[in-house]
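> Next come a sequence and a model predicted from it.
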Amino acid sequence: MKKVHVNASCEYDVLIGKNILEDSGKLIGEIFKKGKTAIISDDKVYSIYGETVKNSLCENGFSVETFVFPNGEKSKNISTYTKILEFLAEIGLTRSDFIVALGGGVTGDMVGFAAASYLRGIKFVQIPTTFLAAIDSSVGGKTGVNLDAGKNLVGAFHQPSLVICDTDTFKTLDEKTFADGTAEAIKYGMIKEPELLEKLSGDFDIEEVVEICVKIKRDIVKVDEFEGGVRKLLNFGHTIGHAVEKCSGYSITHGHGVAIGMSIITKATEEFGICDSGMSKSLDGLLEKCGLPSKCPYTADELYKVALSDKKRSGGFITVVLPKVWGECILNTITVEKLLEYIKKGI
Ligand SMILES: NC(=O)c1ccc[n+]([C@@H]2O[C@H](COP(=O)([O-])OP(=O)(O)OC[C@H]3O[C@@H](n4cnc5c(N)ncnc54)[C@H](O)[C@@H]3O)[C@@H](O)[C@H]2O)c1
Ligand SMILES: [Zn+2]
């Protein structure tokens, strides 16, 4: 089992290994005293892994309640979030208890936000079951839900107390959901580690890739937990990616939206002469190899209209992440009108 230690406003471990779900109760028991807990999960994940985690917690002396909601991005809203809060109150969870988020990024983000706000904040454990959640959403403390107006528009920074990542759980992911994670891994390669891009273009060791990505995120979060500066690099491809997701009514998933967003912004950056020529073609080639799209089904105007509600906008300005060379991106604050130009050039 690999262990990555995160040192943010609170410290915690990210445990990465094969078949460690069975030991989740024991691992959690090492940091929490025996008492009450709630596993919150979506229906699909709970049906495959719920019993394993529940049994492990019970065997290790915890009393466990469960809350299950319908899987998918459409559930990541205020209504499900409220139901989770009412459930926590109903079972009488107190501040000395903790919650377990078992699932992908939707579960982790929403349960993390419930943990951040219930009783003004209680502890929680992330058990990511998607490649994307393992390398990105379960680490770093960004939590939240979507509003009708846009993605992740309400939320809080709230770090987990422990992350348990069993890479064997990825075996039950469909190809598309696995590829969503690869998109975020490509993002890490683009902003920090070009060798990672090479690894991703072939058969890769999943545990090794999870560890590399978590370490990159850990290092960024350590210096900029609340996204005043460098953490914005993690938004590479995301402003346009979120717009793609929103335009599709979330039928295009997060990683696929980000893939299209990375492709558009890289092509535009190349056209503006900021990055080397040829980068866009190579990136699109890698995306295709990994089963990810680069072509956008929407017009520049459609995307722009939606991108204007991005929470990273500040007045008439927005910070975009632009590739410079492989493994290095820069932050550039541009007017929203300029963003339209970027989208038009990159689409
Ligand atoms: N907080 C952050 O820093 C951060 C970073 C990146 C993405 N996100 C968010 O993460 C979300 C996307 O996460 P996601 O792609 O994990 O989506 P998800 O949680 O919706 O999971 C995708 C699908 O896979 C299913 N699933 C999950 N694990 C499974 C398994 N092991 N086997 C079979 N099926 C499984 C789920 O039921 C769901 O249908 C988005 O809402 C995005 O905004 C947050
Ligand atoms: Zn993302």
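Received the coordinates, thanks. Ligands and ions are numbered 1, 2, ... in the order given.
> Quick check on Thr317: phi, psi?
For residue 317 the amino acid is Phe, not Thr. Its backbone dihedrals place Phe317 at phi -120, psi 160, with angles given as degrees, to the nearest 10.
> for the one 5 residues further on, same thing?
Dihedral angles phi and psi of Leu322 (degrees, to the nearest 10) take the values phi -120, psi 130.
> Secondary structure element holding the closest residue to it other than its chain neighbours?
Distances taken as C-beta to C-beta, 6 or more residues apart in numbering put Thr269 closest to Leu322, at 4.6 Å, once the chain neighbours are dropped. Every C-beta, even on glycine, is put in place using the N, C-alpha and C of the backbone. Using DSSP states H and E, Thr269 maps to helix 254-271.
> Closest to the centroid, which residue in this structure?
Centre of the chain computed as the mean C-alpha position; nearest residue by C-alpha atoms, centre = their mean is Ser137, 2.8 Å away.
> where's the residue lying closest to that residue once chain neighbours are set aside relative to Val139, distance?
Closest residue in space to Ser137, ignoring its immediate chain neighbours: Gly105 at 3.7 Å, by C-beta to C-beta, 6+ apart. As defined by C-beta to C-beta, to the nearest Å, Gly105 lies at a distance of 11 Å from Val139.
> Report whether stretch 56-73 contacts ligand 1.
Yes - on the criterion C-beta under 6 Å from any ligand atom, stretch 56-73 is in touch with ligand 1 at Asn71, Gly72, Glu73.
> ok, the second one - contacts?
With contacts defined as C-beta atoms under 8 Å, 6 or more residues apart in numbering, the neighbours of Gly72 are Asp42, Val106, Tyr250.
> before we move on, the earlier item: immediately after the helix holding Thr269, which helix or strand?
In the C-terminal direction, the helix or strand that comes right after helix 254-271 (DSSP H and E) is helix 279-289.
> Tell me the buried residues in that following helix?
For helix 279-289, a neighbour-count test (16 or more other C-beta atoms under 10 Å) marks Met279, Ser280, Leu283, Asp284, Leu286, Leu287 as buried.
> need the residues of the stretch 51-200 of the chain near ligand 1, please.
Proximity of the stretch 51-200 of the chain to ligand 1 is confined to 71-73, 76, 103-107, 109, 129-130, 132-133, 136-137, 140, 142, 151-152, 169, 172-173, 177, 180 under the rule C-beta under 6 Å from any ligand atom.
> Are any of those buried, and if so which?
71, 73, 76, 103-107, 109, 129-130, 132-133, 136-137, 140, 142, 151-152, 169, 173, 177, 180.
> just to revisit the earlier point, strands - which of the residues of stretch 56-73 next to ligand 1 land there?
Secondary structure from DSSP state E places none of the residues of stretch 56-73 next to ligand 1 in strands.
> Now flag whichever of those residues is closest to ligand 1.
Sorting those by distance to ligand 1 puts Asn71 at the head of the list, at 3.3 Å, by C-beta to the nearest ligand atom.
> Excluding chain neighbours, what is closest to that closest one?
Leaving aside its chain neighbours, Asn71 sits nearest to Asp42 (3.7 Å; criterion: C-beta to C-beta, 6+ apart).
> which residues does that neighbour form a beta bridge with?
Counting by DSSP bridges, Asp42 forms beta bridges with Phe69.
> I figured Ile31 hits Ile164, correct?
No - no contact is recorded between Ile31 and Ile164 when judged using C-beta atoms under 8 Å, the distance being 10.8 Å.
> Of these two, give the one with the bigger neighbour count.
Comparing Ile31 with Ile164 by other C-beta atoms under 10 Å, the one with more neighbours is Ile164, at 26 against 13.
> Helix or strand: which one has the more buried one?
Going by DSSP H and E, Ile164 is in strand 162-166.
> Go ahead and produce CSV holding the CA coordinates of that strand.
Taking C-alpha atoms only, strand 162-166 is exported to CSV below (Å, rounded to 0.1, in the frame of the first residue of the first chain):
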residue,chain,number,x,y,z
LEU,A,162,-8.5,10.2,5.4
VAL,A,163,-8.6,9.1,1.8
ILE,A,164,-8.8,5.3,1.0
CYS,A,165,-8.3,4.5,-2.6
ASP,A,166,-8.7,0.9,-3.7
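> Please name every helix or strand in contact with that strand.
Here strand 162-166 is seen to pack against strand 11-17, helix 24-29, strand 123-128 when contacts are counted using 3 or more C-beta pairs under 8 Å, 6 or more residues apart in numbering; DSSP states H and E.
> Reformat the ones you listed into JSON lines and put mean neighbour count next to each item.
Converted to JSON lines, these look like this (neighbours: other C-beta atoms under 10 Å):
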{"stretch": "strand 11-17", "mean neighbour count": "19"}
{"stretch": "helix 24-29", "mean neighbour count": "20"}
{"stretch": "strand 123-128", "mean neighbour count": "28"}
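> By mean pLDDT, which helix or strand of the chain comes out lowest?
Using mean pLDDT, DSSP states H and E, strand 313-314 stands out as the lowest-scoring helix or strand of the chain, at a mean of 78.
> what about the closest residue to Ala8 other than its chain neighbours, neighbour count?
On the basis of C-beta to C-beta, 6+ apart, the spatially nearest residue to Ala8 that is not a chain neighbour turns out to be Glu225, at 4.9 Å. As a burial measure, the neighbour count of Glu225 was computed by other C-beta under 10 Å and equals 17.
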